[in-house]
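Colleague: Sequence first, predicted model second:
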Number of protein chains: 2
Amino acid sequence: MPKAAIIGGGVIGGGWAARFLLNGWDVTVCDPDPDAERKLAEVLDNARAALPALSDGPMPPEGHLTLTTSIPDAVTGAAYIQESTPERLDLKHRVLAEIQQIAPQTPIGSSTSGYKPSDLQQGAINPSAIFVAHPFNPVYLLPLVELVPSPATYPAVIDSTAAMLRGFGMFPLHVRKEIDAHIADRFLEAVWREALWLVKDGVATTEEIDEAIRMGFGLRWGQMGLFETYRVAGGEAGMRHFLAQFGPCLTWPWTKLMDVPEFNDELVELIAGQSDAQSGAHSIRNLERIRDSNLIGFLRALKARDWGAGRVLNAQDATLQAADAATPLWHGQVLPGWTDSTGSMAPVHHLGIASEAASVFMRLNGIDAPLTPVQTHMHPQGHARRGDPLSATVELRDSGAGHMSLRISISRMAEPLAEVTLRLEHRDPDTGASLPIPRSL
Amino acid sequence: MPKAAIIGGGVIGGGWAARFLLNGWDVTVCDPDPDAERKLAEVLDNARAALPALSDGPMPPEGHLTLTTSIPDAVTGAAYIQESTPERLDLKHRVLAEIQQIAPQTPIGSSTSGYKPSDLQQGAINPSAIFVAHPFNPVYLLPLVELVPSPATYPAVIDSTAAMLRGFGMFPLHVRKEIDAHIADRFLEAVWREALWLVKDGVATTEEIDEAIRMGFGLRWGQMGLFETYRVAGGEAGMRHFLAQFGPCLTWPWTKLMDVPEFNDELVELIAGQSDAQSGAHSIRNLERIRDSNLIGFLRALKARDWGAGRVLNAQDATLQAADAATPLWHGQVLPGWTDSTGSMAPVHHLGIASEAASVFMRLNGIDAPLTPVQTHMHPQGHARRGDPLSATVELRDSGAGHMSLRISISRMAEPLAEVTLRLEHRDPDTGASLPIPRSL
């Protein structure tokens, strides 16, 4: 198995170690922290519980982990080296020099979020092996790695690292022009500064800011980025229309961040042209459906975990269910033909009422399959008489692939008279095989 | 059914109309666009296909939709009015005046993303009924609504609107201090400006920027916001540690956005205290697991849709599967006892080899349940002789709840000798019921 050297075993270095180990590489982590072993084990525990859940096939057998405090020991025999030490340039220079005394030809990716590769290469024994490979926490789950070479970095080093990362299920983004903070962290920095102002000025708390993100545009950005989202928002008229609408707002003094590029035709054409190249293969209508389907997927995932926007939806379900149970779906009077000579209604008519109410329920929910009531229970609670005004409410008790259970409550004003539970199944009439219940979605 | 008036039937107004209609309200949309009916129908089609998928119970029967070009007709009898006209203050003032000539007491939420409620209230007949209710596209799916009163807005109007929105499964965020662009759009604006610079300076294309968002922090922000994410990133030491690390970077000239709040102890304490109030109920370790579980949910949703980060993971699956098939899990020689008098191996021994290889495969994948090979097919392709070096590769062909199929390919060097397919099932030994296949996840 190939071996990777991870220099610095914190949250980021530990996440890298997990990526390599769980993809079958042997890993040596170099960290002087006496607590390194425990901290690393915790990150690895998290990663082992998480990363394999993304894979539909078997992952390779886990590699072998070694811990050391010696950089030369760590990098000897390594096919790849990842540096994740604290963000101090003097420290990184010392670490890189020590690495290259032993392994001058081995590719060295740096996890730095701020420094340019040419900063890191200053005074290096072999600048051509050094580049930025900036990951995102949790490194063992998020795909993005910004791969940033300087002009001195060998292109082949970037290409082979990109191939390696793709093999790990990561997404190497080749940043073609080195700048401070690369790409993603420039956005994070801009948002962070704005957030500090909002907290400092008492406009919003940290919690309100987080809700403003995760209940809205945060959900959008996990599946489409800034430009594709706006392209869709522009509607039929697309990106140019959106830019024409949004452009003038740029000169408004919304944020405290005031240096704004001039929004001229040249910039509009540049953006609109790139957006066409990026998203033009899909119609706006198609992109809308893709976006909606993705958002449904995200929101259902959060619902299942009762977290964030999913918790909001679960609360709504509970309210709707309570309201449903309270809204009668059937109203009627006890007809003369339903009663005996004393004017009492025969209880069997509760089944007729229940079937009417269930039928309304199914119609309202767009269920038009021939469901079979495979099991019915009735629990009588009172007696109805000729002419009594009755109503029935319906509650969905349970549903799954091919079956659902309804509880129908029949009452005279507020007084309960009977409760009927129905289990309905959808089966193929010929084979008896269970069929899904179609809804008009 | 209560009735809502929607003034302006574009993408945002149409989204609002869908929220009300699908939650059982009657809706009158007022829009002068001759194409309004068609455009509205398209938004409603999308919404009908999407919003009910978020609900686990039946939704109320859809309300009745009316279209008009008359504001007085639209607002007469409405219990709630939502204004979604273009972002021009003079236009909004005219629309609000026309509304309040008919309905001075009815709550009017404005979808404006930029104006403050006090801007909207200038010269109004009844300022106390006017406020901002700023939603996020697609309005029929994203929960967030920024509810912003001015000091002149009646608090009861905000409270009742918040309750109504919660009933729709939305998340009303009460913005306590009115500022231009409220909260979320200040972040969007900051990111947008930064993105324009990156495109203009040729650092990144729109596509690269979108990838930098949706492959990384975008996935984080759908489930935790900025501060909770950073709290977790700070690790055991939490928010104060994170701030201490990140604080100094604020003075670095990364972005072109240069007005930065002073990062003093007071601001650190304010943020750390608010973060404790927000997230202190969970340990960092617990938050890590919640985050990871959410991210897995998002990534699996994208995988199922072969989109964004999910497409990256599907590509990795395909690669792994191909690699799996190529890595032998069994090596051995044809033993003397396996051969007849001529030295030919009896083909039945292929089954023994296949079972060994399958067993290694299951061990590597952490499957330790007693799986029954319910069906085996063998396809002979050649003959082995005593002493031949054989190897076997295993490919997962298919798997589901309670069963999986393996294809074992046996060869002598590159020459295929036999292919064995195994269908394995996990069943309860007593009842014969299908059991899920446990993996060591």
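Modeller: The structure has been received and is ready for your questions.
Colleague: How much space separates the most centrally placed residue in chain A from chain B?
Modeller: By Cα atoms, centre = their mean, the mean C-alpha position of chain A lies nearest to A:F298, the distance being 5.0 Å. A:F298 sits 5 Å away from chain B, going by Cβ to the nearest Cβ, to the nearest Å. Every residue, glycine included, has its C-beta placed from N, CA and C.
Colleague: where does that residue fall, helix, sheet strand or coil?
Modeller: Three-state assignment for A:F298 (DSSP: H, G, I helix; E, B strand; the rest coil): helix.
Colleague: got it, and A:R176?
Modeller: Per three-state DSSP, the local secondary structure of A:R176 is coil.
Colleague: Contacts only, for the residue nearest to the centre of chain A.
Modeller: A:219, A:222-223, A:309, B:222, B:297-298, B:301 (Cβ atoms under 8 Å, 6 or more residues apart in numbering or on different chains).
Colleague: now the farthest one out in chain A, which residue is it?
Modeller: Here the centre of chain A is the reference, and by Cα atoms, centre = their mean the most remote residue is A:S341, at 65.1 Å.
Colleague: quick check, that one in a strand?
Modeller: No: A:S341: not assigned to a strand; according to three-state DSSP it is coil.
Colleague: Skipping adjacent residues, who's closest to A:G297 in space?
Modeller: Nearest residue to A:G297, sequence neighbours excluded (Cβ to Cβ, 6 or more residues apart in numbering or on different chains): B:A301, at 2.8 Å.
Colleague: quick one: which helix or strand includes the one you found?
Modeller: Using DSSP states H and E, B:A301 maps to helix B:284-304.
Colleague: try A:I81
Modeller: Here A:I81, judged by DSSP H and E, is contained in strand A:80-83.
Colleague: so what does that strand touch, helix or strand wise?
Modeller: strand A:3-7, helix A:89-102, strand A:108-110 (3 or more Cβ pairs under 8 Å, 6 or more residues apart in numbering or on different chains; DSSP states H and E).
Colleague: Phi and psi next, for the residue of the stretch 1-150 of chain A found nearest chain B.
Modeller: Chain B sits closest to A:L144 of the stretch 1-150 of chain A, with a gap of 3.5 Å, by Cβ to the nearest Cβ. Dihedral angles of A:L144 (phi, psi; degrees, to the nearest 10) stand at phi -70, psi 130.
Colleague: can you count the residues close to A:A156?
Modeller: By other Cβ atoms under 10 Å in any protein chain shown, the residues close to A:A156 number 10.
Colleague: That one in helix, strand or coil?
Modeller: Strictly by three-state DSSP, A:A156 counts as helix.
Colleague: All the helices of the stretch 101-250 of chain A, in order from the start?
Modeller: Using DSSP state H, counting those that start in this stretch, the helices of the stretch 101-250 of chain A run over A:117-121, A:155-167, A:184-200, A:206-212, A:218-221, A:226-233, A:238-246.
Colleague: same question, the stretch 251-400 of chain A
Modeller: Listed in chain order, the helices of the stretch 251-400 of chain A (DSSP H, counting those that start in this stretch) span A:265-279, A:284-305, A:309-326, A:349-364.
Colleague: Reformat those helices as JSON lines; add mean pLDDT.
Modeller: JSON lines is the format used below for the helices of the stretch 251-400 of chain A (pLDDT from 0 to 100):
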{"stretch": "helix A:265-279", "mean pLDDT": "85"}
{"stretch": "helix A:284-305", "mean pLDDT": "92"}
{"stretch": "helix A:309-326", "mean pLDDT": "80"}
{"stretch": "helix A:349-364", "mean pLDDT": "82"}
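Colleague: So which bits of the lowest-mean-pLDDT helix or strand in chain A are buried?
Modeller: Within chain A, no helix or strand scores below helix A:238-246, which has a mean of 74 by mean pLDDT, DSSP states H and E. Within helix A:238-246, the residues scored as buried using 16 or more other Cβ atoms under 10 Å in any protein chain shown are A:238-240, A:242-243, A:246.
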